[in-house]
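1. Predicted structure and sequence below. I'll ask about it afterward.
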Amino acid sequence: MTTYRPVGTRAVAYGGGLALVVVAAAITIALPGEIRAQVTPSQALTLLGTLVAMLAILHGIGRSYVRVGDDEIEVLNGFRRHRHPWPQVKGVAYPEGAPWPILVLADDERVMLFGIQRSAGIETSREAVLDIAAHADAVQR
């Protein structure tokens, strides 16, 4: 089983999340006590909720992957998981200039493969696409 993950995207997502937490903590610590005392619990909860929502979005971006197995392909795009047995896979498209490839299913449904990013390098992403295509072709024969 081979797993493809967007290394650069993960670094940016989790690095950005860490930066958000550090900046929020630094601002909280740097505020004078009299100003912190003016912040109501509902305001603090709103700010905390906004921070948690932004971290959840960044985590969804960072956790994306494509897992190629002998029996199926599993795609995790953010918080949505797709599992498709190879007989359901018609092929994979990777249009010129597209940021990620597209898995084409037998019923013409399309699934974006966010776990394979062109920004990781064209050769790396092409190798992943060729691996997926080889698995799909082996079942079609």
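-> That came in fine, so what should we check first?
2. residues making contact with the host helix or strand of Leu51?
-> Using DSSP states H and E, Leu51 maps to helix 41-62. With contacts defined as C-beta atoms under 8 Å, 6 or more residues apart in numbering, helix 41-62 is touched by 9-10, 13-14, 16-17, 20-21, 24, 78-79, 114. Every residue, glycine included, has its C-beta placed from N, CA and C.
3. Out of those, the closest to Ile122 would be?
-> Taking C-beta to C-beta as the measure, Ile122 lies nearest Thr9 of those, at 15.5 Å.
4. who's in contact with the closest one?
-> 61-62, 64, 117, 119-120.
5. give me that answer again for 7 Å
-> Neighbour list for Thr9: 61-62, 117 [criterion: C-beta atoms under 7 Å, 6 or more residues apart in numbering].
6. okay, the angle between the lengthiest helix in the chain and helix 41-62?
-> The residue-count maximum for a helix in the chain (DSSP state H) belongs to helix 7-30. With axes from the mean of the first three to the mean of the last three C-alpha atoms, to 10 degrees defining the directions, helix 7-30 sits at 160 degrees from helix 41-62.
7. Output the below-cut-off pLDDT ranges for this protein.
-> When residues are selected by pLDDT under 70, those of the chain lie in 140-141.
8. Break this protein into its domains for me.
-> Here the domain parsing of the chain from automatic domain parsing is 7-62, 65-140.
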